[in-house]
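# predicted model follows, preceded by the sequence.
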Amino acid sequence: MLLVLAVALGVYVAAQPFLVERRRPVIGDADRLSAQGEFVALSQGITHFRWVGSARGPVAVVVHGIATPMIAMEGVADGLGRLGYRVLMYDLYGRGLSDAPAGKQDRAFFVRQLADLCADQSITEEITIAGFSMGGGIATAFASEYPHSVKQVILVASTGIATNESRFSRFCRRVPWLGDWVHAAFGHERMRKAIPARGKTREIEPVLSAQRNELKRRGYLPAQLSSRRGMLNENQEEDHRRLYRQGIAVAAIWGREDPVISIRAVGLLGLWNRDARQEVVEGADHAMPYTHKAELFEALRATLRD
């Protein structure tokens with residue numbers, strides 16, 4: 001009898017984190033009805049997107065990072081708009097108001113979402129693609145696989161070059177089954193504590209609010225682990241060398257105090273692509289796109305001056 005109770009208790013404890021995830025609400029029509037932008041059903045699910053900036057300028061596509069939806073990139077999008085671009089922003093699958101389909105979130109998964117969206121929006125001209133953090137990795141992968149569709153790449157604290165990983169994330173990424181359980185059991189609270197209770201300025205409060213809202217939705221937590229095992233598990237040296245050979249312009253902007261992306265990335269990217277233009281924003285950490293908008297705009301303007 002005691003053995004049966006012990007087994008039952010063990011099964012309950014093992015299943016509990018996944019049951020909690022199943023009880024989280026999915027994105028509903030009410031959430032999407034009140035949102036800015038539009039929604040389109042693509043081959044892997046519904047994608048939330050929005051056009052901003054110039055009505056007639058060249059097209060730029062902005063790709064956000066692993067943890068925060070496209071609102072985190074409004075500073076980048078507004079800056080590109082001020083420079084004359086017509087800017088397409090969108091939520092990656094598993095983030096914001098886009099669907100959270102199950103499965104491995106590797107480069108093929110994210111490149112397909114972007115390719116689907118560009119096709120749906122009838123984008124046929126060469127684009128400028130700007131990516132932050134994991135979005136920089138996606139931008140690099142997309143340009144590498146569709147070189148004739150991309151004019152230039154803008155990387156903001158991009159992954160794929162020199163990323164620092166916590167021991168918790170490394171364990172969950174590397175260890176099947178047990179890593180899934182640990183991530184499901186403790187990942188939510190770790191992410192919640194990582195979001196500041198209050199921003200240093202009122203300007204970043206909408207971003208922090210969006211991060212908190214994501215944590216409440218089903219599919220967000222599994223998407224984090226899936227991306228770490230997929231897209232974030234890539235070293236993109238060969239992609240960057242390919243962009244150099246293809247003659248695709250690359251501009252990179254880094255935060256001097258970024259604990260996530262090592263400043264070593266500056267030297268490594270310079271080795272892989274000697275034509276890459278690079279700028280370092282002093283005093284900026286990994287939240288640079290929404291905490292240092294003015295400085296980031298000046299760095300954008302400097303890297304795109306030609």
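Now that the structure is in, tell me what you want to look at.
# host element of the spatially closest residue to residue 303 that is not a sequence neighbour?
Spatial nearest neighbour of residue 303, excluding adjacent residues (Cβ to Cβ, 6 or more residues apart in numbering): residue 251 at 3.5 Å. Glycine gets a C-beta too; all of them are placed from N, C-alpha and C. Using DSSP states H and E, residue 251 falls within strand 249-255.
# wait, is residue 95 part of a helix?
No. Applying DSSP: H, G, I helix; E, B strand; the rest coil, one finds residue 95 to be coil, outside a helix.
# can you get me a residue count around it?
Neighbours of residue 95 under the rule other Cβ atoms under 10 Å: 28.
# quick revisit: what's across from the residue nearest to residue 303 in the sheet?
residue 154, residue 277 (DSSP bridges).
# hmm, residue 158 and it touching each other?
No. Using Cβ atoms under 8 Å, residue 251 is not in contact with residue 158, being 10.8 Å away.
# comparing the two, which residue is more hemmed in?
residue 158 (30 against 21).
# quick check: the gap between that one and residue 175.
26 Å (Cβ to Cβ, to the nearest Å).
# what's the answer for residue 102, then?
Going from residue 102 to residue 175 by Cβ to Cβ gives 20 Å.
# which one's more surrounded, those two?
The residue with more neighbours, out of residue 102 and residue 175, is residue 175; 13 against 10, by other Cβ under 10 Å.
# name the nearest residue to that one, ignoring sequence neighbours.
Closest to residue 175 by Cβ to Cβ, 6+ apart is residue 182, at 7.8 Å.
# quick check: pLDDT value at that neighbour.
Looking at residue 182, its pLDDT stands at 96.
# what about it, neighbour count?
Residue 182 has 16 neighbours, counted by other Cβ under 10 Å.
# assumed it was part of a strand.
No. Residue 182: not assigned to a strand; according to three-state DSSP it is helix.
# is it true that it touches residue 174?
No. Assessed by Cβ under 8 Å, residue 182 is found out of contact with residue 174, at 11.2 Å.
# so how far is residue 303 from the spatially most central residue of the chain?
In the chain, the residue lying closest to the centroid (Cα atoms, centre = their mean) is residue 65, at 1.8 Å. Distance, residue 65 to residue 303, using Cβ to Cβ: 19 Å.
# repeat for residue 140
Residue 140 is 16 Å from residue 303, by Cβ to Cβ.
# ok, and what's touching the helix or strand where residue 302 lies?
Using DSSP H and E, residue 302 sits in helix 293-303. Contacts with helix 293-303, where a contact means Cβ atoms under 8 Å, 6 or more residues apart in numbering, come from 75-76, 78-80, 82-83, 154, 156, 203, 251-253, 277-279, 281-282, 284, 288-289.
# go again using 10 Å as the cut-off
Helix 293-303 is contacted by residues 74-76, 78-80, 82-83, 130, 132, 152, 154-157, 203-204, 249-255, 276-284, 288-290, 292 when judged by Cβ atoms under 10 Å, 6 or more residues apart in numbering.
# now the buried members of the residues you listed.
Among the contacts of helix 293-303, the ones that count as buried by 16 or more other Cβ atoms under 10 Å are 74-76, 79-80, 83, 130, 132, 152, 154-157, 204, 249-255, 276-279, 281, 284, 288-290, 292.
# all strands of the chain, in order?
Ranges of strands in the chain, per DSSP state E, are 38-42, 45-53, 59-63, 86-90, 127-132, 150-156, 249-255, 277-281.
# now residue 242: closest residue in space, sequence neighbours ignored.
Residue 242 sits nearest to residue 144 (Cβ to Cβ, 6+ apart), 5.1 Å away.
# tell me the spacing between residue 278 and residue 21.
To residue 21, residue 278 is 40 Å away according to Cβ to Cβ.
# also residue 275?
Remark: distance between residue 275 and residue 21 (Cβ to Cβ) = 45 Å.
# of those two, who's got more company?
residue 21 (16 against 11).
# list the contacts of the more buried one.
Neighbour list for residue 21: 184, 187-188, 218-222 [criterion: Cβ under 10 Å, 6+ apart].
# so what pLDDT did it get?
pLDDT recorded at residue 21 is 91.
# sweet, I'm off.
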